[in-house]
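Peer 1: I need the structure of the sequence given here:
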Amino acid sequence: MEYVSPNDVINGDGLRIVLVQHRPSPWGQAAKAMMEYKGLSYTAAPWEGGGTNDEIVNWSGAKGAPVVAWNDEAPINRWDDILFLLERLAPEKPLIPESVEDRVLTLGLSYEICGELGLGWNRRLSLFRPGLESGQAPEGLKRMGSKYGFYPDDVARADERQIATLQALAKRLKAQQQAGSEFFVGNSITPVDFYWTAFSNLFALMPPEICPMAKESRAMFEAMDDSVRNAIDPILIEHRDRIMANYFKIPMEM
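Peer 2: Predicted structure coming up:
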């Protein structure tokens, strides 16, 4: 991945994105893949995981990456705002269905994966838990825990919430497979397929030749309670691998 400086993104024009560097942060990887699917050109700057990233924070007001900007419009960082911007910029390759029923299902499943207290949010709580509860967490991890709401009640329920979402996603894919579809909604790709493919790395990390990252980071991503690991139905990984091969750049760029 060729990054420009934060200053180039802050003061640039066109489509720009700030991505977490050296880690497969799923919110950013999904946004990047959808940009590429839609044929949108962009420039990217790095976000240092656990760093203060003062220049980007002062510009965007965002707590973390991704941050996306288009020309002189205000920068955005919520997953749904980014999705709607990409739909506006490339309407000829839509990802959100026209059907009201399919659109509601698409956005609901997308929130369940990307949104607050959704799949990624709860997995992040579980990833942070050992370090933050050890009393010896590095400053970067403490900073991320503070930013993303490390609340005891939510931490206690994080694994059960992940299991429930994984089971619901698998059930949905099985129903779609029986109906003759390879996608989560309808008969064509939607954001749900991109989101699950990106977020699946939090649950079943792809090998280094597809997802290159530091060994110490891999160890953190691979730590997981057995109850969560057992909830990862093979159909979820089969779907991930198919979408990754057909709609993402391999190896992943970080």
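Peer 1: Show me the domain layout of this structure.
Peer 2: When the chain is parsed with automatic domain parsing, its domains come out as 6-89, 100-247.
Peer 1: what would these look like in TSV with mean neighbour count, mean pLDDT and distance to residue 254?
Peer 2: In this view, the C-beta of every residue, glycine as well, is placed from N, C-alpha and C. Converted to TSV, these look like this (neighbours: other Cβ atoms under 10 Å; pLDDT from 0 to 100; distance: least, Cβ to Cβ, whole Å):
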stretch	mean neighbour count	mean pLDDT	distance to residue 254
domain 6-89	18	96	6
domain 100-247	17	90	7
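Peer 1: what are the ranges of the helices in the stretch 151-254 of the chain?
Peer 2: 152-178, 191-199, 215-222, 226-229, 234-247 (DSSP state H, counting those that start in this stretch).
Peer 1: so which of those helices gets nearest residue 205?
Peer 2: Proximity to residue 205 (Cβ to Cβ) singles out helix 215-222 among the helices of the stretch 151-254 of the chain, at 5.0 Å.
Peer 1: What lies in contact with that closest one?
Peer 2: For helix 215-222, contacts defined as Cβ atoms under 8 Å, 6 or more residues apart in numbering pick out 22, 23, 24, 127, 201, 202, 205, 208, 213.
Peer 1: closest to residue 38 among these?
Peer 2: For the contacts of helix 215-222, the nearest to residue 38 is residue 24 (20.6 Å; Cβ to Cβ).
Peer 1: Make sure that closest one is indeed in a strand.
Peer 2: No. Read with DSSP: H, G, I helix; E, B strand; the rest coil, residue 24 is coil and lies in no strand.
Peer 1: Pull up the gap between it and residue 77, please.
Peer 2: 18 Å (Cβ to Cβ, to the nearest Å).
Peer 1: do the same with residue 26
Peer 2: In terms of Cβ to Cβ, residue 26 sits 14 Å off from residue 77.
Peer 1: Kindly report the same for residue 169.
Peer 2: Taking Cβ to Cβ, one finds residue 169 at 24 Å from residue 77.
Peer 1: Equivalent analysis for residue 65, please.
Peer 2: According to Cβ to Cβ, residue 65 and residue 77 sit 7 Å apart.
Peer 1: go on, residue 220?
Peer 2: Distance of residue 220 to residue 77, computed by Cβ to Cβ: 23 Å.
Peer 1: do the same with residue 52
Peer 2: Distance from residue 52 to residue 77, by Cβ to Cβ: 16 Å.
Peer 1: What of residue 234?
Peer 2: 34 Å.
Peer 1: again, but for residue 244
Peer 2: From residue 244 to residue 77 the distance is 24 Å (Cβ to Cβ).
Peer 1: How about residue 106?
Peer 2: To residue 77, residue 106 is 21 Å away according to Cβ to Cβ.
Peer 1: on that earlier part again, tell me which two of the contacts of helix 215-222 sit farthest apart.
Peer 2: Distances among the contacts of helix 215-222 were taken as Cβ to Cβ; the most separated pair is 127 and 208, at 19.2 Å.
Peer 1: What distance do you get for residue 75 to residue 40?
Peer 2: According to Cβ to Cβ, residue 75 stands 16 Å off from residue 40.
Peer 1: repeat for residue 208
Peer 2: Distance, residue 208 to residue 40, by Cβ to Cβ: 28 Å.
Peer 1: Over to residue 30?
Peer 2: For residue 30 relative to residue 40 (Cβ to Cβ), the value is 14 Å.
Peer 1: What strand or helix carries the closest residue in space to residue 19 that isn't next to it in sequence?
Peer 2: Leaving aside its sequence neighbours, residue 19 sits nearest to residue 28 (Cβ to Cβ, 6 or more residues apart in numbering; 4.3 Å). Assigned by DSSP states H and E, residue 28 falls within helix 26-37.
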